[in-house]
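Q: next come a sequence and a model predicted from it.
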Amino acid sequence: PKYVNTGDTPVCNKRLGVFAANLLKKQRNLKRVILVEGYMDVVSLVQAGVGGVCATLGTALTVEQARLLKRYAPEIWVSYDGDKAGQNAILRALEIFEQEDMPCRVLDFPGGKDPDEYIKKFGAEKFRQLIKNSRTGFEFKLQSVLAKHDLAIPDEKIKAAAELCSIISRVYSSAEREVYIHAVADRLSLSEDSLRKDVDSAIRRNMKEGKQQESQQARLSAMGIRDKVNPEAAGNIRAAAAEEAILGLLHFSFDGKSGEIRHLALREDKRGQG
């Protein structure tokens, strides 16, 4: 193999760092960070004079890594491999960066090549040309959706429109949504009004699903499911609730004469036993 990753240790957790972060720290006022997949991609690009390059540590992008990159530059340029796996990884990365409100652009590598192969074969100038021709995250998603569907077939066009409306519905800015609706209407030869209605419907659906998820999480928490302190609670919810009630009562005593509830402090006798 090209390289072998170790497991996470107390010294290094691969979810929390990026390769070549030490180089990013030395480069002041970066306008963008180029994120690649592998260590050798970073090495080849840096040797060719491309700055602001880093890679995830042999794992898919995590939220923690996205937040770390946000410290170094205001914009991320995703430069993953040109094969199918790399393209799918770009879509997942774009979702994370959008959640963290980080502007993104995507570099396209023809022929399924990766940055390491491309810069070795064509040189730094060609790579810089790719940077100039980079696309926004939405443009990349738009092209990915259109490539999956035969727009000459009505059903396929409808599926493409529904998928794109769902993507647009997750955009927070209303002005940005309008720009994307215009672009989709132009590519699919559909009216903006019809697409806008579908986007609004998708937004309402997202809000409803979000509330349902919040409600479900609250129920699971109340039932003890996913309780890290007492993971066995979910196996017998009633018994777990009874145990917690008993443990709570053990801290207090009731004084029948005064009617007071008193807190019982742990005491030690002369032998040092509680």
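A: That came through fine. The model shown is predicted, which means the values in this text are computed figures rather than measured ones.
Q: low-confidence stretches in the stretch 151-274 of the chain?
A: Counting by pLDDT under 70, the stretch 151-274 of the chain contains low-confidence residues at 216-231, 234-235, 251-274.
Q: mind doing that once more with 90?
A: With pLDDT under 90 as the threshold, the stretch 151-274 of the chain has low-confidence stretches at 170-173, 206-274.
Q: which residue ranges of it form helices?
A: Listed from the start of the chain, the stretch 151-274 of the chain has helices (DSSP state H, counting those that start in this stretch) covering 154-169, 174-188, 192-222, 237-249.
Q: what's the most buried one of the ones you listed?
A: Mean neighbour counts were taken over these using mean count of other C-beta atoms under 10 Å, and the top value, a mean of 17, falls to helix 154-169. Placement of C-beta: from N, CA and C, glycine included.
Q: now do it: which elements does it pack against?
A: Secondary-structure packing of helix 154-169 (3 or more C-beta pairs under 8 Å, 6 or more residues apart in numbering; DSSP states H and E): helix 137-148, helix 174-188, helix 192-222.
Q: Pro110: which of those helices is closest?
A: helix 137-148 (13.7 Å; C-beta to C-beta).
Q: buried residues in that closest one?
A: Taking 16 or more other C-beta atoms under 10 Å as the neighbour-count basis, helix 137-148 is seen to contain the buried residues 137-138, 140-142, 144-146.
Q: try stretch 81-96
A: Those buried within stretch 81-96 under the rule 16+ other C-beta under 10 Å are 81-82, 86-87, 89-90, 93-94, 96.
Q: now for those, which pair is the farthest apart?
A: Largest pairwise distance in these, by C-beta to C-beta, is 20.4 Å, between Gly82 and Ile96.
Q: hmm, Lys141 is touching Leu94, no?
A: Yes: judged on C-beta atoms under 8 Å, Lys141 makes contact with Leu94 at a distance of 6.9 Å.
Q: what's the residue closest to the geometric middle of the chain?
A: Geometric centre of the chain, nearest residue: Ile96, 2.6 Å, by C-alpha atoms, centre = their mean.
Q: check the secondary structure at it for me.
A: When the structure is reduced to helix, strand and coil (DSSP: H, G, I helix; E, B strand; the rest coil), Ile96 reads as helix.
Q: excluding chain neighbours, what is closest to it?
A: The shortest distance from Ile96 to any non-neighbouring residue, by C-beta to C-beta, 6 or more residues apart in numbering, is to Ala66 (5.1 Å).
Q: contacts for the helix or strand harbouring that neighbour, please.
A: Element membership of Ala66, judged by DSSP states H and E, is helix 63-69. With contact meaning C-beta atoms under 8 Å, 6 or more residues apart in numbering, helix 63-69 is reached by 15-18, 21, 33, 35, 54, 56, 76, 96-97, 99-100, 102.
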